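Colleague: Predicted model and sequence below, questions to follow.
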Amino acid sequence: MNPETIDKIWAKSGGKCECIKAAHNHPGGHCNKELVREMHNKSGAGGWKLLQMFVSSGENINAYAVYCIECFQQLPAVLQKDETYSGKVWGTT
Ligand SMILES: [Zn+2]
Ligand SMILES: [Zn+2]
């Protein structure tokens, strides 16, 4: 995953959390928290993570969503540990 692809996913999100988990009780169904591009994989104000929604070959930006740190931390641990979106893999390719 190259930085240009991450930029495309970021652009797709509009710079906002794309979480639509009903369990989070977001008003209107969407989180829509405003995030900061430079805060990728960082905690704190505007921090966010890339979440892999489904397995896809190649660099399909629709397979990924931008999640704020708060929503990401509410996901099951099994999802959070997937290195394909933790930054370890993406940061080195
Ligand atoms: Zn969120
Ligand atoms: Zn959420």
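Modeller: That came through, no problem. Ligands and ions are numbered 1, 2, ... in the order given.
Colleague: now check stretch 15-26, is it near ligand 1?
Modeller: Yes - on the criterion C-beta under 5 Å from the ion, stretch 15-26 is in touch with ligand 1 at 17, 19. Any C-beta I mention is one placed from the backbone N, CA and C, and that applies to glycine too.
Colleague: ok, residues contacting that stretch?
Modeller: 29-37, 48, 65-68, 71, 74-75 (C-beta atoms under 8 Å, 6 or more residues apart in numbering).
Colleague: Buried residues in it, which are they?
Modeller: 17-19, 26 (16 or more other C-beta atoms under 10 Å).
Colleague: Just the CA atoms of the lowest-mean-pLDDT helix or strand in the chain, as PDB, please.
Modeller: Scoring the helices and strands of the chain by mean pLDDT, DSSP states H and E places helix 77-80 at the bottom, with a mean of 72. Taking Å, rounded to 0.1, in the frame of the first residue of the first chain, the C-alpha atoms of helix 77-80 are listed here in PDB:
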ATOM      1  CA  ALA A  77      -9.600  -6.900  19.200                       C
ATOM      2  CA  VAL A  78      -9.300  -9.400  16.400                       C
ATOM      3  CA  LEU A  79      -9.900  -6.600  13.900                       C
ATOM      4  CA  GLN A  80      -7.500  -4.200  15.600                       C
END
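Colleague: Around ligand 2, which positions in the chain sit nearby?
Modeller: So the chain meets ligand 2 at 19, 21, 24, 31, 71 (C-beta under 5 Å from the ion).
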